[in-house]
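Colleague: Got a predicted model here, sequence first, then my questions.
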Number of protein chains: 2
Amino acid sequence: MSLSMYEAAIPPVARSLRNLSAILAKAAAHAEARGIEPAVLLQARLYPDMFPLVRQVQIATDIARRGLARLAGGECPAMEDNETDFEELIRRIEATLTYLDSLAPEQIDGTESRPIELPIRGETLHFNGQSFLLFFVLPNVYFHVTTAYDILRHNGVELGKRDFLGEP
Amino acid sequence: MSLSMYEAAIPPVARSLRNLSAILAKAAAHAEARGIEPAVLLQARLYPDMFPLVRQVQIATDIARRGLARLAGGECPAMEDNETDFEELIRRIEATLTYLDSLAPEQIDGTESRPIELPIRGETLHFNGQSFLLFFVLPNVYFHVTTAYDILRHNGVELGKRDFLGEP
């Protein structure tokens, strides 16, 4: 027995993005109930040189979409980074989930040893498919989803770890 | 080709804990350079009802140690939650890594369909080995390591995502 690359990649990333979408819906309801301008939360950040919430969501979806496209050896749809409210961020997540759904197991399975070159900030990182998934895509998606959660918690949105983990 | 459960579990969790250890060492150096009492950072939190840094590190190591022991079907060493400085937290991580090193691939491989029952806050969650690893252990470890990182960033410690991801 073993895990397929598809099983290790797509369902965990998709679940985390669905959880993020539900977290953003709670944040939108929180803002509306308290008369908070949504842009205040979208631009909230934990430190002046950290990315704000809107960018955390954009990056989480970019890593999911581009990372899994890279693994599958294909192209993925471009997305403009122009979201200005929670509804638009939720639609971005939905579009990302639609893309993930379009990837067939046979496009991801068997990519364990596929060489992956990742140009990033002036250097090129070298992975194989397995290390790219386990040491780059998954932790990176969880990093940005957690940081989005942390920004909202820091701003008083009522969330618990179950919101991050989703239903088992 | 496929991934083994061991490969999907132990190296990613171990790497994330090693990265957390290095992050804590940077925080300790930051505190010393600025004359900040380490306890101030250990007790820092992002919101009054969120756990402070010290607890984030304790939980990250607990989930790693207990989660992987549960997957392997064995017992793991108990740990007291009595750390009062960065050095003690780093030693806790080292002890956790030593435990992870003690798990042999044959204890983790083949556990994909092993039933896992997780008593948690008055209810019992049901997983198999694969869903327990992919939907509980990995996201949970990353959640607490990221939140530790976010608490320290929020308090001005100079860190970047490379500190979280580690060297590829």
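Modeller: Good, I have the coordinates. The structure presented is a predicted model; accordingly, all values stated were derived computationally and were not measured.
Colleague: count of neighbours near residue A:159?
Modeller: 19 (other C-beta atoms under 10 Å in any protein chain shown). For the C-beta atoms, the positions are set from N, CA and C on the backbone; glycine is no exception.
Colleague: Revised request: answer the last question for residue A:82.
Modeller: The tally of other residues near residue A:82 (other C-beta under 10 Å) stands at 9.
Colleague: what's the pLDDT at the residue lying closest to it once chain neighbours are set aside?
Modeller: Closest residue in space to residue A:82, ignoring its immediate chain neighbours: residue A:88 at 7.8 Å, by C-beta to C-beta, 6 or more residues apart in numbering or on different chains. Per-residue pLDDT puts residue A:88 at 98.
Colleague: ok, residue A:88 to residue A:40 distance?
Modeller: 16 Å (C-beta to C-beta, to the nearest Å).
Colleague: that older thread, let me see the backbone angles for the residue nearest to residue A:82.
Modeller: According to degrees, to the nearest 10, the main-chain angles of residue A:88 amount to phi -70, psi -40.
Colleague: same thing with residue A:119?
Modeller: Phi and psi for residue A:119, reported as degrees, to the nearest 10, are phi -70, psi 130.
Colleague: packing partners for the helix or strand harbouring residue A:13?
Modeller: Residue A:13 is located in helix A:5-34, with elements delineated by DSSP states H and E. Secondary-structure packing of helix A:5-34 (3 or more C-beta pairs under 8 Å, 6 or more residues apart in numbering or on different chains; DSSP states H and E): helix A:38-42, helix A:53-72, helix A:86-102, helix A:105-108, helix A:138-154, helix A:161-165, helix B:138-154.
Colleague: What mean pLDDT does it get?
Modeller: 98.
Colleague: next one: stretch A:145-162
Modeller: Averaging pLDDT along stretch A:145-162 gives 98.
Colleague: That one: which residues count as buried?
Modeller: Buried residues in stretch A:145-162, counted by 16 or more other C-beta atoms under 10 Å in any protein chain shown: A:145-155, A:157, A:159, A:161.
Colleague: ok, so of the residues you listed, who is nearest residue A:121?
Modeller: residue A:147 (18.8 Å; C-beta to C-beta).
Colleague: any idea how far the closest one lies from residue B:60?
Modeller: Computed with C-beta to C-beta, the distance linking residue A:147 and residue B:60 is 15 Å.
Colleague: how near is the residue positioned nearest the centre of chain A to residue A:35?
Modeller: In chain A, the centroid-proximal residue (C-alpha atoms, centre = their mean) is residue A:60; its distance is 2.7 Å. Distance, residue A:60 to residue A:35, using C-beta to C-beta: 28 Å.
Colleague: How about residue A:141?
Modeller: Going from residue A:141 to residue A:35 by C-beta to C-beta gives 32 Å.
Colleague: the more surrounded of these two?
Modeller: residue A:141 (25 against 6).
Colleague: pretty sure the more buried one contacts residue A:60?
Modeller: Yes: look at residue A:141 against residue A:60 with C-beta atoms under 8 Å: they come within range, at 5.6 Å.
Colleague: where do the contact lists of the two overlap?
Modeller: With contacts defined as C-beta atoms under 8 Å, 6 or more residues apart in numbering or on different chains, the residues shared by residue A:141 and residue A:60 are A:16-17.
Colleague: Next, count neighbours for residue A:73.
Modeller: 12.
Colleague: I'd like to check which residues are in contact with residue A:161.
Modeller: With contact taken as C-beta under 8 Å, 6+ apart, residue A:161 is in contact with B:140, B:143.
Colleague: go with 10 Å
Modeller: Contacts for residue A:161 were tallied using C-beta atoms under 10 Å, 6 or more residues apart in numbering or on different chains; they are A:146, A:149, B:50-51, B:59, B:139-140, B:143-144, B:147.
Colleague: Return the closest of those with respect to residue A:2.
Modeller: Taking C-beta to C-beta as the measure, residue A:2 lies nearest residue B:139 of the contacts of residue A:161, at 20.7 Å.
Colleague: How many neighbouring residues does the residue nearest to that closest one when sequence neighbours are not counted have?
Modeller: Using C-beta to C-beta, 6+ apart and skipping the chain neighbours, the partner closest in space to residue B:139 is residue A:142 (5.6 Å). Residue crowding around residue A:142 was assessed by other C-beta under 10 Å; the count is 26.
Colleague: for residue A:69, same thing?
Modeller: Using other C-beta under 10 Å, the number of residues around residue A:69 comes to 17.
Colleague: Test my guess that residue A:36 contacts residue A:27.
Modeller: Yes: using C-beta atoms under 10 Å, residue A:36 is in contact with residue A:27, at 9.4 Å.
Colleague: intersection of neighbour lists for these two?
Modeller: Residues touching both residue A:36 and residue A:27 by C-beta under 10 Å, 6+ apart: A:155-157.
Colleague: Same list, those, but as JSON lines with distance to residue B:23 please.
Modeller: As requested, the shared contacts of residue A:36 and residue A:27 are exported to JSON lines (distance: C-beta to C-beta, whole Å):
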{"residue": "A:155", "distance to residue B:23": "24"}
{"residue": "A:156", "distance to residue B:23": "26"}
{"residue": "A:157", "distance to residue B:23": "26"}
